[in-house]
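Undergrad: model the following, please.
(one chain, ligands or ions: 1)
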Amino acid sequence: MFDDLKSHYATIRDRRIADTLDADRATAFAAMAGDLRLDYAKTQIDDTALGLLIGLLDGAGVAAKRDAMFAGRPINDTEGRAVLHTALRNLDGGPVMVDGQDVMPEVRATLDRMADFAASVRDGSYAGQGGPITDVVNIGIGGSDLGPKMGTLALAPYHDGPRCHFVSNVDPADIAGVLRSCDPATTLVIVASKTFTTIETMTNARTARDWMQAGGGDVAAQFVALSTAADKTADFGIDAARVLGFADWVGGRYSMWGPIGLSLMIAVGPDNFRDVLRGGQAMDTHFRDTPWAQNLPALLALIGLWHNQVCGHATRAVLPYDNTLSRLPAYLQQLEMESNGKGVALDGTPLPYNSGAVVWGEPGTNGQHAFYQLIHQGTRVIPCEFLVAARGHDESLHHQHQLLVANCLAQSEALMMGRTLDVARTKVAGQYEGAELERQAAHRVFPGNRPSITLSYPQLTPHMLGMLIALYEHRVFVEGVVLGVNSYDQWGVELGKELATSLQPVVEGKASADGKDGSTHALVAHLRGHGL
Ligand code: F6P
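TA: Here you go, the predicted structure:
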């Protein structure tokens, strides 16, 4: 599928991006969705490459599959489910049919229930045994943690509700640290789990229940469940009035738009939460209505395919120059790698090319003082994705924000321009001479021609956050369709879960490790020998 693109790349791979980058290219290789601008002029993609890449979309039938997704058809075909997280933000849209029924009345009713509850927590009319809620503890993992946590951090400037904590790891250090800082009489515990069976979440939920019972809180009143499994939430002891349900057509890693976003809604208030949804809906409209050459999700997917499948760059760094997006890379790791990290095509045959790229990153400027060395001079090329806002949220520190922006722009420029040996020589000419000058200069050469893209926007408002997250969701969709994988299942997480269950009695000393491989056997012996 990528042969033509690879042949073309072979002819242009040594071309210096900087030599092609005039004002025309800067305009042509950029696109807008509302106020969100994508610049991909600092890549090697040219008109021919773009044409071939867009041909991939037509060849894979992306437009028809996009319409099938929005229409509620069961495109998650290993689980027989529709993929309709878009319905959760379809605030001003028409009906969305699943199995002949419009799901929007239920979606709107649930959103209203969330908003009523969040408002009552925020204004104190809903209180714990000891008075108004001071702390919210969201217990969940994966999509039941990363979305609301990332969003709550991202919208910190809008956070005027109670403190929010997020517990995900089964490591007792996680929950112990959080509970130590809370008062059970004024804490609201949210158990967020689509299935209500996830072992980490249920273990932490039981620990929190014991803590609340022992500390004078009221479990029946101060626990909320967010789940598709009403029977299981009742068994746990959570009052049906405090269960917010959603349908199985909302995938875990796509679920922050509905009940799983309750902690975010309590933090920033229902109006701001609705603005996040409106931002997501605006990106949905853009994705559906915009020609591919100007369509941000399609372009992001195509740039990713170009770098991963055509150029052979296996990883991609996501580098927000926006500290409040500190958890965006972690959020995208689940969104992208759980969705498109698949080894077989829809028909079950092995993928004849690589699956989706490895995604990683940290906010700038922190990363500059950590791993950027390898990005600039390491032997592997790592395409970079910068995110930057024109304005922060603190007017009085705008000069500091300008320094942040200067750093962001400098990095993409440095990656592209590099530094030649001649220039490096001039840098050390006064200090060294002869062979030592040559040796010192060699260490100061930057190969350059390293691709990056930049997403820029006026300010990280709730609306812009919604646009960004929906942008990445649709990017995953497009990439998945082109690769021919099911982006909406996650069978690859099952084997480890099964083995953890079988190993639990072994690590507890209730069953023998015989039958386990030699390495596992030895690890159990070593850990048990040291107090496990
Ligand atoms: O194990 C992976 C996974 O199923 C994710 O897809 C999901 O987001 C996470 O576990 C949590 O699942 P749940 O919300 O059902 O607890």
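
Undergrad: can you count the residues close to residue 278?
TA: A count of nearby residues for residue 278, using other CB atoms under 10 Å, gives 17. Heads up, the C-betas are built off the backbone N, CA and C, glycines and all.

Undergrad: pull the contacting residues for residue 461.
TA: 275, 279 (CB atoms under 8 Å, 6 or more residues apart in numbering).

Undergrad: ok, now residue 396?
TA: If you count contacts by CB under 8 Å, 6+ apart, residue 396 has none.

Undergrad: pretty sure it sits in a strand.
TA: No - counting by DSSP: H, G, I helix; E, B strand; the rest coil, residue 396 is not part of a strand but helix.

Undergrad: which stretches of the stretch 351-500 of the chain have low pLDDT?
TA: Judged against pLDDT under 70, the stretch 351-500 of the chain has no low-scoring part.

Undergrad: how about the residues of it near the ligand?
TA: 490, 493 (CB under 6 Å from any ligand atom).

Undergrad: quick check, the residue in the stretch 351-500 of the chain closest to the ligand?
TA: Residue of the stretch 351-500 of the chain nearest the ligand, by CB to the nearest ligand atom: residue 493 (3.9 Å).

Undergrad: distance of the nearest residue to that residue once chain neighbours are set aside relative to the ligand?
TA: Distances taken as CB to CB, 6 or more residues apart in numbering put residue 338 closest to residue 493, at 7.4 Å, once the chain neighbours are dropped. Distance of residue 338 to the ligand, given as CB to the nearest ligand atom, to the nearest Å: 6 Å.

Undergrad: residue 246 reaches residue 255, doesn't it?
TA: Yes - using CB atoms under 8 Å, residue 246 is in contact with residue 255, at 7.1 Å.

Undergrad: give the residues shared as contacts by the two.
TA: Residues touching both residue 246 and residue 255 (CB under 8 Å, 6+ apart): residue 194.

Undergrad: more crowded one of these two?
TA: Shown here are residue 246 and residue 255; by other CB under 10 Å, residue 255 has more neighbours (25 against 20).

Undergrad: and the more buried one, how far is that from residue 353?
TA: Separation of residue 255 from residue 353 (CB to CB, to the nearest Å): 30 Å.

Undergrad: also residue 509?
TA: According to CB to CB, residue 509 stands 46 Å off from residue 353.

Undergrad: over to residue 486?
TA: 16 Å.

Undergrad: try residue 164
TA: Taking CB to CB as the measure, residue 164 falls 41 Å from residue 353.

Undergrad: comparing the two, which residue is more hemmed in?
TA: Set residue 164 next to residue 353 and count neighbours by other CB under 10 Å: residue 164 wins out with 21 against 12.

Undergrad: report the rounded mean pLDDT for the strand or helix carrying residue 202.
TA: Under the criterion of DSSP states H and E, residue 202 resides in helix 199-214. Mean per-residue pLDDT for helix 199-214: 96.

Undergrad: same check, this time on stretch 98-117
TA: Model confidence over stretch 98-117, given as mean pLDDT, is 96.

Undergrad: distance from that stretch to the middle of the chain?
TA: 25 Å (CA atoms, centre = their mean, to the nearest Å).

Undergrad: and the contacts of it?
TA: Residues from elsewhere that reach stretch 98-117, judged by CB under 8 Å, 6+ apart: 72, 82, 84, 87-88, 90, 93-97, 126, 224, 242, 244-247, 249, 258-259, 261-262, 265, 270, 273-274, 277.

Undergrad: could you flag which of those residues are buried?
TA: Neighbour-count burial (16 or more other CB atoms under 10 Å) applied to the contacts of stretch 98-117 gives 72, 82, 84, 87-88, 90, 96-97, 126, 224, 242, 244-247, 249, 258-259, 261-262, 265, 270, 273-274, 277.

Undergrad: among these, which lie within helices?
TA: Assigned to helices by DSSP state H, the following of the buried ones among the contacts of stretch 98-117 qualify: 262, 265, 270, 273, 274, 277.

Undergrad: neighbours around the one residue in the stretch 251-400 of the chain that gets nearest to the ligand, how many?
TA: Distances between the stretch 251-400 of the chain and the ligand by CB to the nearest ligand atom are smallest at residue 252, namely 2.7 Å. For residue 252, the count of nearby residues is 24 (other CB under 10 Å).

Undergrad: same deal with residue 348?
TA: Neighbour count for residue 348, taken as other CB under 10 Å: 7.

Undergrad: assign a three-state SS to it, would you?
TA: State at residue 348, reduced to three classes by three-state DSSP: coil.

Undergrad: how about it, phi and psi?
TA: With angles defined as degrees, to the nearest 10, residue 348 sits at phi 90, psi 0.

Undergrad: what pLDDT is listed against it?
TA: Note on residue 348: pLDDT of 97.
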